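**Q** when you get a sec, could you give me coordinates for this:
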Amino acid sequence: MQLRLATSQDRAFLVEMARLACTLEDRPLPRADAPDVVAVLPGRNAAVIATDDGSRPVGAAWWHVHEPPLLRDGTGEPLPELVMAALESERRQGIGRAFVDALVAEAAKSFNALTLNVHIRNPAAHLYTRTGFRVAGAGRGWFGVAMSRPLDGARPPP
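**A** Sure, this is the predicted structure:
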């Protein structure tokens, strides 16, 4: 697996990854133009693409600032939210940890924390905890959990 920055040619793949990120595995994917999908698409911020050994995209991650923001910092500024997804066949192979490491390093240049919203039934919640995110409160939706990770140089637990 390799990580690279997304290019304009990756737009359709990013939309598919946003669709995956907006649903649980046992539910149908939302439409590409669904408001939840459009709201999480990467804007000016760089997106990271994971590729297999044949350079085929297998996952993507980025952050965005949601409106309204999930969480704010101590001065009231909105904090960026992590969004990531991988093809089902590629999960549990270290892509998620690689995404978190790459985005934490980049986000630390501009923010003091990175946040995310995760459904309590989403198996990725365990990954987020292992990579230093902690529950910060209620998230979006009935079963959403807001999580945050400080970017002050603190290392996540092993």
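
**Q** C-terminal to the lowest-mean-pLDDT helix or strand in the chain, what's the next element?
**A** Least confident helix or strand, the chain: helix 35-40 with a mean of 81, by mean pLDDT, DSSP states H and E. Following helix 35-40 in sequence order, the next helix or strand is strand 48-51 (DSSP states H and E).

**Q** give me the sheet partners of that next one and which way each runs.
**A** Taking DSSP bridges as the criterion, strand 48-51 forms sheet pairs with strand 2-5 (antiparallel), strand 57-64 (antiparallel).

**Q** make CSV out of those strands and add distance to Phe99.
**A** Every C-beta, even on glycine, is put in place using the N, C-alpha and C of the backbone. Listed next are the strands paired with strand 48-51 as CSV, based on distance: least, CB to CB, whole Å:
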stretch, distance to Phe99
strand 2-5, 8
strand 57-64, 4
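
**Q** tell me the most buried of the ones you listed?
**A** Highest mean neighbour count of those: strand 57-64, a mean of 24 (counted as mean count of other CB atoms under 10 Å).

**Q** who touches it?
**A** Contacts to strand 57-64, defined as CB atoms under 8 Å, 6 or more residues apart in numbering, come from residues 1, 6, 10, 13-14, 17, 40-43, 45-52, 80-87, 89-90, 95, 99-100, 102-103, 107, 114.

**Q** contacts only, for the residue most central in space within the chain.
**A** The chain has Val83 as the residue nearest its centroid, 2.0 Å off, counting by CA atoms, centre = their mean. Neighbour list for Val83: 17-18, 21, 40, 42, 61-64, 116 [criterion: CB under 8 Å, 6+ apart].
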